[in-house]
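# Can you look at this prediction? I've put the sequence above it.
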Amino acid sequence: MTPWLLYGAYGYTGELGQWWSDRVAERAPQPVVVEWLGGHFEFVELAVDPRWQGRGLGCALHDALLLDLPHSRALLTTYRDDRPAPRLVVRTGLRGPIWTRFWRVWPGGVREQPPIG
């Protein structure tokens, strides 16, 4: 039997001077940079083997990764089009005090997403 990874998620404390934070800072309005970047939790990756998607694993990983963090805010990037990642964000949408505002970042810019639901 060949072992395989079914799912995984990770993140870390983001700071200005790190690649992703600096890319956001280049494109975001200055008030966003000041309020949101530096000391935030950077939600980097969440993956579920396609054979196991649709069973709640993605939502469970999302919630577990954000549970009891010492950060006052968390940031992530996702696609703009209809793919599993943005759908997961909508489904888990703005849960808990860590998600006080949600920004989508992509090469063309940054925009605030209103709460959904």
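Now that the structure is in, tell me what you want to look at. Residues are numbered from 1 along each chain as shown.

# In contact with V48, which residues are there?
With contact set as C-beta atoms under 8 Å, 6 or more residues apart in numbering, V48 has these partners: L6, Y7, L57, G58, L61. C-beta: built from backbone N, CA, C; applies to glycine.

# which of those tops the neighbour count?
G58 (23 neighbours; other C-beta atoms under 10 Å).

# Tell me how far that one lies from A25.
For G58, the distance to A25 equals 29 Å [C-beta to C-beta, to the nearest Å].

# Could you list the low-pLDDT ranges of the chain?
Applying pLDDT under 70 to the chain flags residues 1-5, 78-82, 93-117.

# quick one: the helices in it?
Ranges of helices in the chain, per DSSP state H, are 19-27, 30-36, 57-66, 84-92.

# Could you list the buried residues of the longest one?
When you say that, I think you mean helix 57-66. L57, G58, L61, H62, L65, L66 (16 or more other C-beta atoms under 10 Å).

# circling back to that earlier point, so which of the helices of the chain gets nearest L76?
Ranking those by distance to L76, with C-beta to C-beta as the measure, places helix 84-92 first at 7.4 Å.

# Any idea how far the closest one is from the middle of the chain?
On the basis of C-alpha atoms, centre = their mean, to the nearest Å, helix 84-92 sits 10 Å off its chain's mean C-alpha point.

# same question, stretch 38-53
7 Å.

# Please point out which parts of it sit buried.
Neighbour count says stretch 38-53 has G38, H40, F41, E42, F43, L46, A47, V48 buried, by 16+ other C-beta under 10 Å.

# any idea which of those residues is closest to G14?
With C-beta to C-beta as the yardstick, the closest approach to G14 among those comes from E42, at 3.7 Å.

# residues in contact with that closest one?
G11, Y12, T13, G14, Q18, W20, S21, A74, L75, L76.
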